[in-house]
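Q: with the sequence up front, the predicted model follows.
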Amino acid sequence: MSRWQKLRQKKSELEEEVAKLTTKIDQAAAKSAGLKEEVKQLQAELVTLTKEQAEMDQIRQKENAAYVKAKTDLEQGLEGVRKALAVLREYYASKDEGEFLLQQPAMPKSHQKKEGAAASIIGILEHKQDPQFQWHVCCLSCFLQQLLPR
């Protein structure tokens, strides 16, 4: 083989090598472009998720504020029910009607304690102290607050 042939062969081999490397570069560039596009999409999704998270946090704060207000109102109502129960129990437990209501004028002659009504009223009030009942009332209250215009 002559020197020219060897140079042509070497040149041919190098050109093939350059073609292979150019193909690899083109493939890497295409892959890089695809990855860059994917990064853009993921960043856009991340921005969306961040906004949604902020909105959900704000909604949770509003719901928590409504819950705290409703809970306070319900606790005050429950305390009133407990006081009413105490008064009713004391009234129906006393033997003499004048003994219980010392600051009131004398009872009319027609007034009588209704024992059956007492059990019924006290039973209703005791039911309102049941934790499950309170939970249902709290849920209903929060639901109604969401329906009402602000």
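A: The structure has been received and is ready for your questions.

Q: and the helix or strand hosting Gln76, average pLDDT?
A: Gln76 belongs to helix 3-93 when assigned by DSSP states H and E. Over the span of helix 3-93, the pLDDT mean works out to 90.

Q: could you list every helix and strand in contact with it?
A: helix 115-127, helix 131-147 (3 or more C-beta pairs under 8 Å, 6 or more residues apart in numbering; DSSP states H and E). All C-beta atoms are positioned from the backbone trio N, CA, C, and that covers glycine.

Q: hey, least reliable of these by pLDDT?
A: Among those, helix 115-127 scores lowest, at a mean of 59.

Q: what sits up against stretch 23-32?
A: Stretch 23-32 has contacts (C-beta atoms under 8 Å, 6 or more residues apart in numbering) with no other residue.

Q: give me the neighbour count for Lys69.
A: 13 (other C-beta atoms under 10 Å).

Q: could you do Ala86 as well?
A: Neighbours around Ala86, by other C-beta under 10 Å: 10.

Q: equivalent analysis for Gln53, please.
A: 10.

Q: how much space between Lys71 and Asn64?
A: 10 Å (C-beta to C-beta, to the nearest Å).

Q: okay, these two: which has more neighbours?
A: Taking other C-beta under 10 Å, Lys71 and Asn64 do not tie; Lys71 has more neighbours (14 against 10).

Q: with Glu79 as the reference, measure out to that one.
A: Counting by C-beta to C-beta - Lys71 and Glu79 are separated by 12 Å.

Q: so what pLDDT did Leu102 get?
A: pLDDT for Leu102: 51.

Q: how much space is there between Glu79 and Leu88?
A: 15 Å.

Q: right, I mislabeled it, should have said Leu42
A: For Leu42, the distance to Leu88 - C-beta to C-beta - is 66 Å.
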